[in-house]
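Visitor: Quick one, structure for this:
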Amino acid sequence: MEQKKERNKVGRPKKEIAERLDYRIGVKLTAADYFRLLTQAHDAGTSPSEYMRECFRNGLVKERLSKEHTDHVRQLCGMANNLNQLARKANAGGYSEVGWDCKVAVARIHELISKIGV
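Guide: Residues are numbered from 1 along each chain as shown. Model (predicted):
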């Protein structure tokens with residue numbers, strides 16, 4: 001008897017049944033509602049279909065971070081790196097040397113957090 005060789009499967013793996021988007025629903029909207037949907041989906045950074053799915057799942061759609069907020073988060077990450085460096089310096093050389101630098105870093109972080117609105 002001949003043995004069949006298993007073939008290597010190539011391409012994207014099949015999605016699970018729960019992940020498939022099999023069903024389509026037609027919705028009629030007024031012009032005002034349609035353009036409001038397009039605007040809100042654009043503001044959230046998603047497609048209108050994904051926006052409506054997210055509304056259905058969660059009852060709300062969270063918009064993506066704005067460019068300004070993204071820049072603030074990036075600055076916070078840089079400041080966190082600076083604080084880690086100051087902590088290493090304090091552990092190595094003594095806490096009195098980095099006290100003022102820490103106060104300045106904390107003040108800048110506080111200022112950025114207030115700009116973000118957290």
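
Visitor: residues of the longest helix anywhere in the chain that come out buried?
Guide: Longest helix of the chain, by residue count under DSSP state H: helix 67-93. Of all the residues in helix 67-93, those buried under the rule 16 or more other C-beta atoms under 10 Å are 72, 75, 82-83, 86, 90. The C-beta positions use only the backbone N, C-alpha and C, and glycine is treated the same way.

Visitor: same thing with stretch 101-109?
Guide: By neighbour count on 16+ other C-beta under 10 Å, the buried set for stretch 101-109 is 102, 105, 109.

Visitor: what's the distance between the first one and Gln85?
Guide: Using C-beta to C-beta, to the nearest Å, we find Cys102 at a distance of 11 Å from Gln85.

Visitor: Could I get the contacting residues of Pro48?
Guide: Neighbouring residues of Pro48 by C-beta atoms under 8 Å, 6 or more residues apart in numbering: 37-38, 41.

Visitor: Repeat the analysis, applying 6 Å as the threshold.
Guide: 37, 41 (C-beta atoms under 6 Å, 6 or more residues apart in numbering).

Visitor: For it, give me the pLDDT.
Guide: Pro48 carries a pLDDT score of 92 in this model.

Visitor: The one 4 residues further on too?
Guide: Reported pLDDT at Met52 in the predicted model: 89.

Visitor: Remind me which helix or strand it belongs to.
Guide: Using DSSP states H and E, Met52 falls within helix 48-58.

Visitor: picking that back up, could you list every helix and strand in contact with the following helix or strand past the longest helix of the chain?
Guide: Using DSSP H and E, the next helix or strand after helix 67-93 towards the C-terminus is helix 99-116. Judged by 3 or more C-beta pairs under 6 Å, 6 or more residues apart in numbering; DSSP states H and E, helix 99-116 is in contact with helix 67-93.

Visitor: From the contact counts, what lies against the helix it packs on?
Guide: helix 99-116.

Visitor: follow-up on the earlier one: okay, angle between the longest helix of the chain and helix 99-116 too, please.
Guide: 160 degrees (axes from the mean of the first three to the mean of the last three C-alpha atoms, to 10 degrees).
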